[in-house]
Structure formats: C-alpha cells, structure tokens
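Q: got a predicted structure plus its sequence, pasted below:
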Amino acid sequence: ARLGVVSSAGGPVRWLDVPGDPREHYLPRMEWAVDGEWIMLQQLNRLQNTNRVMVADPGTGVTRTILTESNATWLENDNPVRWANGGKGFVWLSERNGWRHAYLAGVDGKQWAQITQGDFDILQIEAIDDAGGWLYYSASPNNPTQRYLYRVRLTGGTSEGMSPTE
C-alpha cells in the first residue's frame, strides 16, 4: 500500500516514504496529528504479526517509526490512536506482558509507560480526559459475562471502579 498527500488547494501528490514493499504491507490506520502538522500511520505486514506505528512529514514525505509491536503468531488489528498529552502522546493497547493493557507512548518514540495493571484484559478504551489526566476503560476482571467501567490516571496507578459491581 502507498500513501500520498495532496494540498487542499490542489497540486501534485506527495508520496510518503513508507519503508518496505507496498505489496507486502497494509496501512490499516492513518490520521492527522492533533496539530495537523504530520500524519500518524500504522503499517501491518502481510503475516499480520508486526505493526509499525510511524509519523510522516506531509511536506517532505519522510517517515520514521516510533513504535513497533510484534508477536510470533498474530496481532489484533484493532488499535486506533487515542491522543493524550495535548497530542504529544497516545494511548496504545498491547498484549506484550501477556494481558491486554494500556500504555502511554510518546510521538517522539522515546516515551513508553504502562498505565493499567492486573491479570485481566482491557476490553476497550472508553474515553480519555486529557485535561483531567484520566483514562476510562472497560474490563471484565472477575466475570467474563459482565463489563465494568474503570478509570486510572494517565500516569498509571490503581484503577477505580466506576460502575456498580452488583
């Protein structure tokens, strides 16, 4: 797959320099950054066991990888970008510790911190309150037939249950 950008005023296509053979990769997600100055994209290999998150300069076409998620067998392709820290970071779901948890990643490619903890999978990110510093998510830690709403600080810590347990 290839990705090109055209000015809203028209003009030539600026093709992004996405590495790898375009016939051997998918671009399942892409979007403009919060400030509109660059594009974030995800590149999934044909085996669907490596997902590279990249940022691209639409003016030059230059891309750089800021996060790589790999698994020996297969990766879930359900990881939309959830912006945080005013667009300087994003919340990412990963199973790299054996459970599906939320992590805070920096768009600089340097920051990586686990937000949620526990022996359970996060089912879904429900919301991010960037101004208040909260991540809201749903999980079923004790009963797989029920979903519960939780919140935790974007900096990590102990999760708080938000929905009734009975």
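A: Perfect, I can see it now.
Q: strands of this protein, start to end?
A: Counting by DSSP state E, the chain has strands at residues 4-5, 14-15, 25-32, 39-45, 50-56, 63-70, 82-84, 89-94, 101-106, 112-114, 122-129, 134-139, 148-153, 160-161.
Q: any chance of those in TSV, with mean pLDDT too?
A: Output for the strands of the chain, formatted as TSV (pLDDT from 0 to 100):
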stretch	mean pLDDT
strand 4-5	95
strand 14-15	96
strand 25-32	94
strand 39-45	96
strand 50-56	96
strand 63-70	96
strand 82-84	95
strand 89-94	96
strand 101-106	96
strand 112-114	96
strand 122-129	96
strand 134-139	97
strand 148-153	97
strand 160-161	95
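Q: out of those strands, which is closest to Glu76?
A: With Cβ to Cβ as the criterion, Glu76 lies closest to strand 89-94 of the strands of the chain, at 8.2 Å. C-beta: built from backbone N, CA, C; applies to glycine.
Q: I'd like to know which elements that closest one is packed against.
A: Packing partners of strand 89-94 (3 or more Cβ pairs under 8 Å, 6 or more residues apart in numbering; DSSP states H and E): strand 63-70, strand 82-84, strand 101-106, strand 122-129.
Q: could you give the angle of the first one to strand 50-56?
A: To tie it back to what came earlier, the one meant is strand 63-70. Here strand 63-70 runs at an angle of 160 degrees relative to strand 50-56 (axes from the mean of the first three to the mean of the last three Cα atoms, to 10 degrees).
Q: what of the third one?
A: Strand 101-106 and strand 50-56 are oriented at 30 degrees to each other (the same axes, to 10 degrees).
Q: strand partners (parallel or antiparallel) of strand 101-106?
A: Strands flanking strand 101-106 in the sheet, each with its direction: strand 89-94 (antiparallel), strand 112-114 (antiparallel) (DSSP bridges).
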